[in-house]
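[1] below is the structure, and that's it, no one-letter string:
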């Protein structure tokens, strides 16, 4: 019945731009402290779709939805900053938007909130008719729609005010707040949330390279294309990219062309366009691309004309063949347009040229190919549990064809590939913590009415809240050490009634519950037994994951007041455990002596075996959750990638999902809609 839900700790309010831009080079001392990990940031793509939106256009019309995406950084209450806007899908209550939104600078351990507002577009604000806008390609359309919505996006509107309501050009259909870590920890990197007015918004995240991947200059022509009816079609094409799944595939819209009327001959010449390769194929020229041709209808219920499948590489090759053979016009080569298995025309590639640095193949495919071919590996000083044979790392062979940088998977690649993060917690109940009944000692419990937490509770909440987002089953073991039961000192014992507790609240309950047992806080403080137990748990979790062809990585969070006995034995235990999928985070609580922790944290690969799996931080040095979690977790991504990549274990395939099967979160409070734009 503990009513304390919020810790007494200042919540950091970082400006949103710090999430978008790297902290490297700033005057912030914490930024300088972690600048060496600035390369662990990731660039992500957001693809948005919705279904069953509420029609707010009235009885005689259908809403024209589009999205505005704002970022709020490390707190959901930060001032929002607009980072992008989708295209408008006219007369459609279940849209899949083509514009891909980029989110830069995501860092594991740092909350990253973004919010999506869905609006019903008012075409009158552009000076164009709805029909004219709907027949433009998404790039030309954006020149009008973006300008028309800029005033609304940059305004400081309060929707509760009747006067401000009148100033809003586009009606609000709803908003939804998301956190990047929660999406990356979900199946398929997909999250869905209900909107306040009705309908469901779905967000799919995909990791992409940090550097620009170049441009595709493209022009297509439909040759003798037959529509689904006898009348000449008003045709446009839509380009989709394939998202592979173990149980099948889904297709995401990435471009929609202008609409042209077919003459009697059936030829359709669409405008030339420059496509960003990151948004189109995420830099993978061999990624499957599907082009669907539609007969445009004013109602939004476009008629299917046919489709073909290829890749960016396939488009370029056809264009080169046309150039070499001087084929153009009616004689240009292309792809058969199929409808119900029958050819209904040809999609000709008049022009397709790459500009800028591009990847010839998927980076992970290149790594896998190099491994299969037995490419030379780089020897390191790491040794296996079975002897002194050096471990080997493929870090030096698979390289970008232009930059020659190693093509190495990143942390987000493993998360996207289904790697499960498991959290285990070990808590120090030794006498070095002092009398828990005395105010000011690390284990002292403040009265519930004070709504104040001790440092152990704060550390559990801060670190556990972040890691729990990536733990798929939300089940975590909690162990204690340093307490005496029946006159026997226990260096690893179960906390709580269950072997694994549920969520952060379960960890809290297990921690507090130990003080209602007949324990005696004792000496010494030994970490070796909980580390060995965690290593065994990590192996067990990995074995279970392998049964489903997945990966599992365990993070052990040790909360201790210091004064560790036999530091050398503890160090050797960490080295031995580095052969397991395990990282160890040690958080120093209180004002004890933590000199020995620096020795445990340091790892010199030239003189020590194993890999670096340990991180130590002192809780008292951090005055906010975000600073603490960033310091605690900043090395985890590198340690996880090092473990798997040094063993030639690549990320798995992206997990399968069906949008209709994704759990839909409840809508946010209406107040979030009122303050969406600040």
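    Ah, there it is. Values in this document were obtained by computation on a predicted structure and should not be read as measured data.
[2] buried ones in stretch 479-494, by neighbour count?
    Using 16 or more other Cβ atoms under 10 Å as the test for burial, stretch 479-494 gives 479, 480, 481, 482, 483, 484, 490, 491, 492, 493, 494. Quick note: C-beta positions are derived from backbone N, CA and C, even for glycine.
[3] what sits against residue 278?
    Shown in contact with residue 278 (Cβ atoms under 8 Å, 6 or more residues apart in numbering): 45, 100, 102, 208, 209, 212, 213.
[4] is it within a helix or a strand, and which one?
    helix 277-281 (DSSP states H and E).
[5] can you list the strands that the helix or strand following that helix pairs with?
    Using DSSP H and E, the helix or strand that follows helix 277-281 in sequence is strand 288-295. Applying DSSP bridges, strand 288-295 is found paired with strand 234-245 (antiparallel), strand 303-311 (antiparallel).
[6] ok, and for the longest strand along the chain, which residues are buried?
    Scanning the chain for the longest strand, with DSSP state E as the assignment, gives strand 342-355. Residues of strand 342-355 classed as buried: 344, 345, 346, 347, 348, 349, 350, 351, 352, 354 (neighbour count, 16+ other Cβ under 10 Å).
[7] for residue 144, which non-adjacent residue is closest in space?
    residue 126 (4.2 Å; Cβ to Cβ, 6 or more residues apart in numbering).
[8] that neighbour is in contact with residue 147, isn't it?
    Yes - using Cβ atoms under 8 Å, residue 126 is in contact with residue 147, at 7.5 Å.
[9] which one of these two is surrounded by more residues?
    residue 126 (21 against 11; other Cβ atoms under 10 Å).
[10] give the contact list for that one.
    133, 144, 145, 147, 148 are the contacts of residue 126 under Cβ under 8 Å, 6+ apart.
[11] could you dump these to TSV with pLDDT and secondary structure?
    Listed next are the contacts of residue 126 as TSV, based on pLDDT from 0 to 100; DSSP: H, G, I helix; E, B strand; the rest coil:
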residue	pLDDT	secondary structure
133	93	helix
144	86	helix
145	84	helix
147	74	helix
148	69	helix
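[12] may I ask which of those has the most neighbours?
    If you rank those by neighbour count (other Cβ under 10 Å), residue 145 sits at the top with 26 neighbours.
[13] where does residue 193 fall, secondary structure wise?
    Judged by DSSP H and E, residue 193 forms part of strand 190-194.
[14] enumerate every residue touching residue 288.
    Counted by Cβ under 8 Å, 6+ apart, residue 288 has contacts 241, 242, 249, 309, 310, 311.
[15] what's the distance between it and residue 137?
    Applying Cβ to Cβ, to the nearest Å, the value for residue 288 to residue 137 is 22 Å.
[16] circling back: out of the strands paired with strand 288-295, deepest packed?
    strand 234-245 (a mean of 20; mean count of other Cβ atoms under 10 Å).
[17] can I assume residue 183 sits in a strand?
    No - Residue 183: not assigned to a strand; according to DSSP: H, G, I helix; E, B strand; the rest coil it is helix.
[18] isn't it right up against residue 206?
    No - the pair residue 183 / residue 206 is not scored as a contact, 10.5 Å apart, by Cβ under 8 Å.
[19] overlap in contacts, the two.
    Joint contacts of residue 183 and residue 206 (Cβ under 8 Å, 6+ apart) are residue 189.
[20] with neighbour numbers in mind, choose between those two.
    Here residue 183 and residue 206 are compared on neighbour count by other Cβ under 10 Å; more neighbours surround residue 183, at 21 against 17.
[21] give me the local confidence score for residue 646.
    pLDDT, residue 646: 89.
[22] scratch that, residue 605 is what I was asking about
    Predicted confidence (pLDDT) for residue 605: 78.
[23] swap in residue 150?
    For residue 150, the model assigns a pLDDT of 64.
[24] how many residues are close by the nearest residue to residue 267 once chain neighbours are set aside?
    Spatial nearest neighbour of residue 267, chain neighbours left out: residue 223 (5.7 Å); criterion: Cβ to Cβ, 6+ apart. Using other Cβ under 10 Å, residue 223 has 19 neighbouring residues.
[25] distance check, residue 223 against residue 337.
    In terms of Cβ to Cβ, residue 223 sits 9 Å off from residue 337.
[26] can you pull the residues that touch both of these two?
    Joint contacts of residue 223 and residue 337 (Cβ under 8 Å, 6+ apart) are 345, 346, 347.
[27] contacting residues around the longest helix along the chain?
    Criterion DSSP state H: the longest helix present in the chain is helix 528-547. By Cβ under 8 Å, 6+ apart, the surrounding residues in contact with helix 528-547 are 420, 422, 424, 426, 477, 479, 481, 491-492, 551-554, 556, 558, 566, 569-570, 573-574, 576-577, 580-582, 584.
[28] drop anything exposed from the residues you listed.
    For the contacts of helix 528-547, buried by 16+ other Cβ under 10 Å: 420, 422, 424, 426, 477, 479, 481, 491-492, 551-554, 556, 558, 570, 573-574, 576-577, 580-582, 584.
[29] per-residue pLDDT of the closest residue to residue 243 other than its chain neighbours, please?
    Leaving aside its chain neighbours, residue 243 sits nearest to residue 250 (5.0 Å; criterion: Cβ to Cβ, 6+ apart). Per-residue pLDDT puts residue 250 at 79.
[30] same question for residue 370.
    For residue 370, pLDDT reads 41.
[31] residue 570 contacts residue 527, correct?
    Yes - with contact defined as Cβ under 8 Å, residue 570 reaches residue 527; the gap is 5.1 Å.
[32] overlap in contacts, those two.
    With Cβ under 8 Å, 6+ apart as the test, residue 570 and residue 527 both reach residue 564.
[33] return the distance of stretch 281-301 from the chain's centre.
    25 Å (Cα atoms, centre = their mean, to the nearest Å).
[34] list the contacts of stretch 347-354.
    214-223, 237, 272, 277, 285, 291, 293, 308, 312, 315-316, 318-319, 322, 328, 332-337.
[35] ChimeraX command for the buried members of these?
    Listed next is the ChimeraX selection for buried residues among the contacts of stretch 347-354, using 16+ other Cβ under 10 Å:
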select :214,215,216,218,219,220,221,222,223,237,277,285,291,293,308,312,315,316,318,319,322,332,334,335,337
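[36] for the strand or helix carrying residue 638, packing partners?
    Assigned by DSSP H and E, residue 638 belongs to helix 636-645. With contacts defined as 3 or more Cβ pairs under 8 Å, 6 or more residues apart in numbering; DSSP states H and E, the packing partners of helix 636-645 are helix 411-416, strand 552-560, strand 582-588.
[37] in that helix, what's buried?
    636, 637, 638, 639, 640, 641, 642, 643, 644, 645.
[38] how near is the last one to residue 614?
    Pointing back at residue 645 there. Taking Cβ to Cβ, one finds residue 645 at 19 Å from residue 614.
[39] middle-most residue in the chain, spatially?
    residue 184 (4.0 Å; Cα atoms, centre = their mean).
[40] who touches that one in this structure?
    Taking Cβ under 8 Å, 6+ apart as the test, what residue 184 contacts is 205, 412, 415, 416, 469, 470.
[41] let's see 6 Å
    residue 415 (Cβ atoms under 6 Å, 6 or more residues apart in numbering).
[42] for residue 204, same thing?
    47, 190.
[43] list the pairing partners of the helix or strand containing it within its sheet, with orientation.
    In this assignment (DSSP H and E), residue 204 forms part of strand 200-208. Strands that pair with strand 200-208, judged by DSSP bridges, come out as strand 42-51 (antiparallel), strand 190-194 (antiparallel).
[44] what does the pLDDT read for residue 60?
    81.
[45] give the contact list for it.
    Residue 60 neighbours (Cβ under 6 Å, 6+ apart): none.
[46] check the gap between it and residue 345 for me.
    Noted for residue 60: a distance of 36 Å to residue 345, by Cβ to Cβ.
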